[in-house]
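*Asks:* Here is the input, now give the coordinates:
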Amino acid sequence: MPRLRLVTFNIAHGRGLTPIQGFTSARKLRLNLRKISALLGRLAPDVVAMQEVDECSRWSGNFDHLDYLRVHGSFPHSVFGINNRRTGLFNLCYGNALLSRHTITYAETVVFGRGSVGEKGFLFAEIDIGGCCVPVVNLHLHFGSRAQRLRQIDRLLAWLRDQHRLRGKGWTVAPIVCGDFNTPSTGDDATASLFSHLLDYGDYELHPLLMPTFPSPMPRRALDFVFLPAGCKLVSCEVVKSMLSDHRPVFVEVEIG
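*Replies:* Down below sits the predicted model:
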């Protein structure tokens, strides 16, 4: 039975704990990204789902952070899901991304709006793990508006229904959904809404439970989650103690049935 070791991590544009974007030198950005690579080396994940990853942005050194992490982490496969693009003097290009030790056979990006900065979205990928086609959704929701988060969840669910109809016969399991939800699992908000609707695809489990991930020095809020479908049996789950971003990474290991 193949296993999948998955990390979801909002890397905060590589700035570490610096509170204001753009105040970190390119040298310090590279140093922090190398520390993230070293952390991933210790965790040894098969797949890393990251949010707030920069491709080429002035405020984060004007270099490709995903490629830097891919090279230093020795990941053979990667895919970018750009949510924000702005050209000109203050150029920006960033979004969600995946690193993988397994072949990514298909990928698609959905952006929720048209903003050039602060826009959210999700990256969908199908990954071949030991002959199993495992679909993964890497999601980042709006940070300040419950109404927008709920609309974004509706958009994701409608898109997944279409994909399930078009591509679902090739999936070994229903999609794993992970990322930065910018809301806890309790209460009437996006995480709880998504959980209730994912049950349409069978039994889902939400991890971690009662383990805060933000802010990383002294976490008080649980914002980062992994939704596991039936057919993914949890082996272990950990919120990793780390101060390389304002979020702590979530690490799960599962058996794929």
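*Asks:* residue ranges for the strands of the stretch 101-250 of the chain, please.
*Replies:* Along the stretch 101-250 of the chain, the segments classed as strands by DSSP state E, counting those that start in this stretch run 104-111, 121-129, 132-140, 176-180, 204-207, 224-229, 232-239, 250-256.
*Asks:* Need those strands in TSV (columns: distance to residue 213).
*Replies:* The C-beta positions use only the backbone N, C-alpha and C, and glycine is treated the same way. What follows is the strands of the stretch 101-250 of the chain, written out as TSV (distance: least, Cβ to Cβ, whole Å):
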stretch	distance to residue 213
strand 104-111	24
strand 121-129	18
strand 132-140	14
strand 176-180	9
strand 204-207	11
strand 224-229	4
strand 232-239	6
strand 250-256	6
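*Asks:* deepest of those strands, which one?
*Replies:* strand 176-180 (a mean of 26; mean count of other Cβ atoms under 10 Å).
*Asks:* That one pairs with which strands, and in what direction?
*Replies:* Next to strand 176-180 in the sheet, as set by DSSP bridges, lie strand 132-140 (parallel), strand 224-229 (antiparallel).
*Asks:* For that strand, which outside residues touch it?
*Replies:* 6, 8, 10, 49, 51-52, 96, 122, 134-141, 194, 198, 223-229, 232, 247, 250 (Cβ atoms under 8 Å, 6 or more residues apart in numbering).
*Asks:* go on, stretch 142-155?
*Replies:* Stretch 142-155 is contacted by residues 110, 112, 120, 141, 181, 182, 183, 189, 190, 193, 194, 197 when judged by Cβ under 8 Å, 6+ apart.
*Asks:* which one of those is nearest residue 163?
*Replies:* Residue 163 lies nearest to residue 110 out of those, by Cβ to Cβ, at 10.2 Å.
*Asks:* Pretty sure residue 230 sits against residue 203.
*Replies:* Yes: applying Cβ atoms under 8 Å as the test, residue 230 and residue 203 come out as touching, 4.4 Å apart.
*Asks:* quick one: which of these two has more around it?
*Replies:* Each of residue 230 and residue 203 has its neighbours counted (other Cβ atoms under 10 Å); residue 230 has more, 14 against 11.
*Asks:* which residues does residue 226 form a beta bridge with?
*Replies:* In this entry, residue 226 is beta-bridged to residue 178, residue 207, by DSSP bridges.
*Asks:* Now do it against residue 207, distance only.
*Replies:* Distance, residue 226 to residue 207, by Cβ to Cβ, to the nearest Å: 5 Å.
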